[in-house]
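Participant: here you go, sequence then predicted model.
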Amino acid sequence: MGKKIFSGVQPTGNLHLGNYLGAIKNFVDLNNNNENSCVFCVVDLHAITVNQDPKDLRNNIRETVATFLASGIDAKKSIIFNQSKVSAHSEAAWILSCIARMGWLNRMTQFKEKAGKDKEKASIGLYSYPVLMAADILLYDTTHVPVGDDQKQHLELCRDIAQKFNNDFEVKDFFKIPEPLIQKQFSRIMSLKDGSRKMSKSELSDLSRINLTDDKDQIINKIKKAKTDPLPMPSNLEELNKRAEARNLIGIYSSLSGLTLEKIIQEFSGKNFSEFKDNLSQVVVDKIAPISVEIKKLLNEKDYLDKILLEGSKKANDIASKKIKKIHELVGF
Ligand code: AMP
Ligand code: TRP
């Protein structure tokens, strides 16, 4: 049986290798299976939970669509749209925020990380962000949600919200309870500068991540400068698991090449990192440089990108408006 897929990516710029390996690569595989129906959303409402320059936001929305297409998502086979253009998302988020409990949201670790020390100054949107994410997913009767490891807790909250709504209004299967699709291995790609932090769009140092718009020379330079420890390459899995930076680099190599960790360790055991890095650069360049070229080409075709969003929004609206109508009836509006 085909799956109903929904996932979202924030248009906040600097889409990177972590986004690709944790999420977008899986979108492409799911999209290639004709039995699945896929909806990929540029979540611009989520983006404004922290300050955005309107001009940058507009560009970043297009860049996110360009990245989807350049990575291999087929706009004919899936729905690609931006969240703000389908008003059911905002409406459902309000209604679901009356279902979700403060206690549930207070447990969300991503809010704590993003709000930092001064929680009083964080926007209310940043706090209720996971409720909007639940609305996104539930409006489309989604069965599976491909995401990186950092979204696992938000998915669990979404399931709790769906369950409580179904119970409160005595409609057993009204909201489908979605399953997360998270890579078994390397579902969290780490910074190239610090193996204990995740690779992130907002990290100040550009050397910490490989952007999907980086060219060949930038990729090679960043891998050359990537942090490692002073020891030679690890010789077994146990050793690898204790060495964060080595683990991350070998993990990236494994994810992109399809080679197992054991095989990679066997090949490079005891060698210098520089030799491994040459091989890693080759694999990353082979995969990412063509995507980067295609993104830049597509960014010159603004009308084409806007047309994809417009058509996608219409299709998304057809689905979401029906679901929100039923929600209204159930709630008593
Ligand atoms: P965001 O950029 O926060 O909208 O994330 C888009 C998708 O990329 C989500 O599914 C995230 O879980 C995933 N993602 C973001 N950063 C990483 C990372 N460092 N490693 C793996 N997946 C990631
Ligand atoms: N919160 C997700 C992130 O930051 C993005 C997102 C928004 C999403 N709505 C979603 C992901 C629905 C999956 C499904 O990465």
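Facilitator: Thanks, I have the structure now. Ligands and ions are numbered 1, 2, ... in the order given.

Participant: only C-alpha atoms from now on, for both contacts and neighbour counts.
Facilitator: Will do.

Participant: what's the closest non-adjacent residue to Glu63?
Facilitator: The shortest distance from Glu63 to any non-neighbouring residue, by Cα to Cα, 6 or more residues apart in numbering, is to Leu299 (6.6 Å).

Participant: again with Lys112
Facilitator: In space, Lys112 is closest to Lys119, 7.8 Å off (Cα to Cα, 6+ apart).

Participant: any idea how far the one you found lies from Asn106?
Facilitator: 12 Å (Cα to Cα, to the nearest Å).

Participant: likewise for Lys152?
Facilitator: Lys152 is 16 Å from Asn106, by Cα to Cα.

Participant: out of these two, which sits in the more crowded spot?
Facilitator: Lys152 (16 against 12; other Cα atoms under 10 Å).

Participant: so Ile80 lies in a helix, does it not?
Facilitator: No - read with DSSP: H, G, I helix; E, B strand; the rest coil, Ile80 is strand and lies in no helix.

Participant: can you offset everything so residue one is 9?
Facilitator: New numbering, starting at 9: the last item is Ile88.

Participant: surely it touches Cys49?
Facilitator: Yes - with contact defined as Cα atoms under 8 Å, Ile88 counts as touching Cys49 (5.8 Å).

Participant: for the stretch 9-158 of the chain, which residues are neighbours of ligand 1?
Facilitator: With Cα under 6 Å from any ligand atom as the criterion, the stretch 9-158 of the chain meets ligand 1 at residues Val17, Gln18, Gly26, Asn27, Gly30, Ala31, Val155, Gly156, Asp157, Asp158.

Participant: swap in 5 Å and give it another go.
Facilitator: With Cα under 5 Å from any ligand atom as the criterion, the stretch 9-158 of the chain meets ligand 1 at residues Val17, Gln18, Gly26, Asn27, Gly30, Ala31, Val155, Gly156.

Participant: so which residues of the stretch 9-158 of the chain form strands?
Facilitator: 12-17, 45-50, 86-90, 152-154 (DSSP state E, counting those that start in this stretch).

Participant: the last one - what's its average pLDDT?
Facilitator: This points to strand 152-154. In this model, strand 152-154 has a mean pLDDT of 98.

Participant: and it, anywhere near ligand 2?
Facilitator: No - applying Cα under 5 Å from any ligand atom, one finds strand 152-154 out of contact with ligand 2, separated by at least 5.9 Å.

Participant: may I have the next helix or strand after that strand exported as CSV, CA atoms only?
Facilitator: The first helix or strand that comes after strand 152-154 along the chain, using DSSP states H and E, is helix 160-176. C-alpha atoms of helix 160-176 as CSV (Å, rounded to 0.1, in the frame of the first residue of the first chain):
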residue,chain,number,x,y,z
LYS,A,160,11.2,13.2,16.6
GLN,A,161,9.8,14.9,19.7
HIS,A,162,7.6,17.2,17.6
LEU,A,163,6.2,14.1,15.8
GLU,A,164,5.4,12.5,19.1
LEU,A,165,3.5,15.7,20.1
CYS,A,166,1.6,15.6,16.8
ARG,A,167,0.5,12.1,17.6
ASP,A,168,-0.7,13.1,21.1
ILE,A,169,-2.6,16.0,19.7
ALA,A,170,-4.3,13.8,17.0
GLN,A,171,-5.2,11.2,19.6
LYS,A,172,-6.7,13.8,22.0
PHE,A,173,-8.7,15.4,19.3
ASN,A,174,-10.1,12.0,18.2
ASN,A,175,-10.9,11.2,21.8
ASP,A,176,-12.4,14.6,22.8
